[in-house]
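Trainee: sequence first, then the predicted structure, then my questions.
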Amino acid sequence: MLKRLAIFVHRWLGVALCLVFLLWFPSGIVMMYWGYPSVTVADQLRHSPVLDPASIALSPGDAYARLDVAEPPQEIRLNSFDGRPVYRFRLARGEAVVYADTGEERIDVSPELMRRVAAAWSGQPPGLAAVESLDDVDQWTLQGVYQALGPLSKFSWPDGQQVYVSAASGEVVQYTTRATRFWAYAGAIPHWLYFTPLRKHGSQWSRVVIWSSGIGTLAVCLGIVVGVWMYSPARAYRYEGAPSRIPYRGQKRWHMILGLIFGVGAATWAFSGMLSMEPFPAPRREPPGPVSPDAGASLGRALREPLDLEAFSRLPPRQALSRQGGLKVKDLEFVSFPGRPAYLATIADGETRVLSLDGTLGVEFDRQGLAELVTAAVAPVGPVEVRLLDRYDAYYLDRRGERPLPVLRVRLNDPEQSRYYVDPKTARVVGGYSTSRWMTRWLYHGLHSLEFPWLYDNRPLWDIVVITFMLGGTALVVTSVVLAWRVVWRRH
């Protein structure tokens, strides 16, 4: 009786969800190499012009005085907007932008300005663009972050480029091409169930993903139980006149064989996908001893000390850039580390250079000074270990190799066993981990993407293992679809 019930439930759950699994497995292969379109920091840098020292007429102090605010800036950067140099001051109320050539504050964003920005990004004539004002989300602006950036204007060119510009800031916030849209429709959209009518309703979409993956996990587990139950090591069945361990023929036979091989992987994959939606409330844990919950914030503040605008008058940005004329600088960040003002220059290829106010140029900040600084910043937590890593570890890794190396790994002696990764080239925290994120690290990233260092460090081993699993899962689901069709067809 119990066996019949398990087979019945597994069969009908398979009928209900086999097409969803058929979306998930093949699209997972695509997502190994192509993601969802977005505008990254690297994209912004690539489309930004090289700073021209001759166009910088104001010092940062003079530019900041134009804002007439009392609070000191939390961050200062010099880069470009609409082909002109601008100072970007981060304040408590948000970002203020002042043109470095005239001293005007960027306040209003006109349609003409947005058209110029979009055309410069696309490299196409502005007059050829079809313009659409988005009153609602579309397929490429479904995430909640775009609602805070709106309203948006969408500029579409005949070559397939689509540039989304925020009317609030005049910045490009989304960009797609025919190729990125194609791969998104083949990968991320079906994999995440990112269909606009569903995804635009965030809570309903979340429930659909959680329940479909949760019920799918149950269906696969039941299938594994039935498969093991029906399997006969003693070959008690007959198949084509010979003893057999499997009682079925045709598609049912293949379904059982593939299920026994790939079923456990399919179950853990569906379950880990559900975990990406954070379906369970985070447990509340009281620390067993005194601990500073602001260790990460303290570290961030130590790496970016308050700025003294007057200090940069010793070597103003215009003079600093002129002295380093061979560098194609696109972004200049004002930093103070440790207690010594300097410029962090990002050049055209994304690399950075540290330009001291005495005119010397370095590839990175002083590692020993950086280690001492981070140790002092998190000292209230207790003993720490600071170690230089020149390769990824289990909690700081990237299969594409884009995350910076080497880094300083800072391990804290707190109940969370927190660790931070600091890039000596930029003096920024570029990664972190604590035991409260164990489920996300291992049960989601570990099981869903097989993010293990021994695989990542030996590519294409990771590609081979993951693609083999995906193809096996796809074959398993195809047999499910065939069997589901036969069940439904018999009912009609």
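Mentor: Yes, it's here.
Trainee: return the distance of Phe262 relative to Ser203.
Mentor: Distance of Phe262 to Ser203, given as CB to CB, to the nearest Å: 33 Å. Just so you know, the C-beta spots here come from the backbone N, C-alpha and C atoms, and that holds for glycine as well.
Trainee: report the buried residues of stretch 315-328.
Mentor: 315-318, 320-321, 324, 327 (16 or more other CB atoms under 10 Å).
Trainee: hmm, back to that, of Phe262 and Ser203, who's got more company?
Mentor: Set Phe262 next to Ser203 and count neighbours by other CB atoms under 10 Å: Phe262 wins out with 23 against 7.
Trainee: what's the helix or strand for that one?
Mentor: Using DSSP states H and E, Phe262 falls within helix 250-275.
Trainee: what mean pLDDT does that helix get?
Mentor: The pLDDT scores in helix 250-275 average 93.
Trainee: following that helix, which helix or strand comes up?
Mentor: In N-to-C order, the element after helix 250-275 by DSSP H and E is helix 295-303.
Trainee: so how far is that following helix off the chain centroid?
Mentor: In this view, helix 295-303 has its centroid 22 Å away from the chain centroid, taken as CA atoms, centre = their mean, to the nearest Å.
Trainee: and for stretch 453-470?
Mentor: Worked out by CA atoms, centre = their mean, stretch 453-470 lies 20 Å from the chain centre.
Trainee: so what touches that stretch?
Mentor: Stretch 453-470 is contacted from outside by 25-26, 28-29, 32, 262, 265, 269, 391-394, 397-399, 449-450, using CB atoms under 8 Å, 6 or more residues apart in numbering.
Trainee: now those residues: which count as buried?
Mentor: 25-26, 28-29, 262, 265, 269, 392, 397, 399, 449-450.
Trainee: host element of the nearest residue to Asp52 once chain neighbours are set aside?
Mentor: Among residues not flanking Asp52 along the chain, Pro85 sits closest, at 7.2 Å (CB to CB, 6 or more residues apart in numbering). If you go by DSSP H and E, Pro85 is part of strand 84-91.
Trainee: put the alpha carbons of that strand into CSV.
Mentor: Once non-C-alpha atoms are left out, strand 84-91 reads as follows in CSV (Å, rounded to 0.1, in the frame of the first residue of the first chain):
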residue,chain,number,x,y,z
ARG,A,84,32.8,66.5,-19.0
PRO,A,85,34.8,66.0,-15.9
VAL,A,86,32.8,65.9,-12.7
TYR,A,87,33.4,65.7,-9.0
ARG,A,88,31.1,63.2,-7.3
PHE,A,89,30.6,63.9,-3.6
ARG,A,90,28.9,61.2,-1.5
LEU,A,91,27.0,62.8,1.4
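Trainee: now it: buried residues?
Mentor: Of the residues in strand 84-91, those buried (16+ other CB under 10 Å) are 84-89.
Trainee: does anything pack onto the helix or strand following that strand? Which helices or strands?
Mentor: Using DSSP H and E, the helix or strand that follows strand 84-91 in sequence is strand 94-99. Under the contact definition 3 or more CB pairs under 8 Å, 6 or more residues apart in numbering; DSSP states H and E, strand 94-99 sits against strand 84-91.
Trainee: what's the average pLDDT for the strand it packs on?
Mentor: 95.
Trainee: sheet-wise, list the partners of that strand with their directions.
Mentor: When pairs are called by DSSP bridges, strand 84-91 turns out to pair with strand 75-81 (antiparallel), strand 94-99 (antiparallel).
Trainee: tell me which of those approaches Pro60 most closely.
Mentor: strand 75-81 (5.9 Å; CB to CB).
Trainee: how about that closest one: buried residues?
Mentor: 76-81.
Trainee: from these, pick the one nearest Leu218.
Mentor: For the buried residues of strand 75-81, the nearest to Leu218 is Arg77 (50.6 Å; CB to CB).
Trainee: for the closest one, which non-adjacent residue is spatially closest?
Mentor: That would be Arg88: by CB to CB, 6+ apart, it lies 4.6 Å from Arg77.
Trainee: I figured that neighbour hits Gly94, correct?
Mentor: No: between Arg88 and Gly94 there is no contact under CB atoms under 8 Å: 10.7 Å.
Trainee: pull the distance from stretch 71-89 to the chain's centre.
Mentor: 25 Å.
Trainee: helix/strand/coil for the closest residue to Ser276 other than its chain neighbours?
Mentor: Spatial nearest neighbour of Ser276, chain neighbours left out: Tyr444 (5.4 Å); criterion: CB to CB, 6+ apart. When classified by DSSP: H, G, I helix; E, B strand; the rest coil, Tyr444 comes out as helix.
Trainee: my read is that Tyr444 contacts Ser272, right?
Mentor: Yes: Tyr444 is within contact range of Ser272, at 5.1 Å (criterion: CB under 8 Å).
Trainee: ok so, going back, so which of the contacts of stretch 453-470 are in strands?
Mentor: In strands, defined here by DSSP state E, there are no members of those.
Trainee: for the residue nearest to Asp52, give me its contacts.
Mentor: Contacts of Pro85 (CB under 8 Å, 6+ apart): 51-52, 55-56, 78-79, 99-101.
Trainee: with Gly144 instead?
Mentor: Taking CB under 8 Å, 6+ apart as the test, what Gly144 contacts is Gly202.
Trainee: check what pLDDT it gets.
Mentor: Taking Gly144 on its own, its pLDDT is 80.
Trainee: same thing with Ile7?
Mentor: Confidence score, pLDDT, at Ile7: 89.
Trainee: hmm, which helix or strand of this structure has the shakiest average pLDDT?
Mentor: Each helix and strand of the chain was given a mean pLDDT (mean pLDDT, DSSP states H and E); the minimum falls on helix 295-303 at a mean of 80.
Trainee: what does that one contact?
Mentor: Residues contacting helix 295-303 (CB under 8 Å, 6+ apart): 292, 337-338, 373-374, 376-378, 380-381, 410, 412, 414, 418, 420, 422, 427-429, 432.
Trainee: hmm, which of those are the buried ones?
Mentor: Buried among the contacts of helix 295-303 (16+ other CB under 10 Å): 337, 373-374, 377-378, 381, 410, 412, 414, 418, 420, 422, 427-429, 432.
Trainee: next one: the residue lying farthest from the centre of the chain from Arg235, what distance?
Mentor: No residue in the chain sits farther from the centre than Gly241, which is 55.3 Å out by CA atoms, centre = their mean. Separation of Gly241 from Arg235 (CB to CB): 13 Å.
Trainee: for those two, list the residues in contact with both.
Mentor: By CB under 8 Å, 6+ apart, no residue touches both Gly241 and Arg235.
Trainee: dump the residue contacts of the closest residue to Leu152 other than its chain neighbours.
Mentor: Among residues not flanking Leu152 along the chain, Leu134 sits closest, at 4.6 Å (CB to CB, 6+ apart). Residues near Leu134 by CB under 8 Å, 6+ apart: 141, 150-154, 164.
Trainee: again, but for Asp393
Mentor: So Asp393 contacts 409, 453 (CB under 8 Å, 6+ apart).
Trainee: switch to numbering from 423
Mentor: Will do, 423 is the new start, and the previous item becomes Asp815.
Trainee: right, I'll call it a day here.
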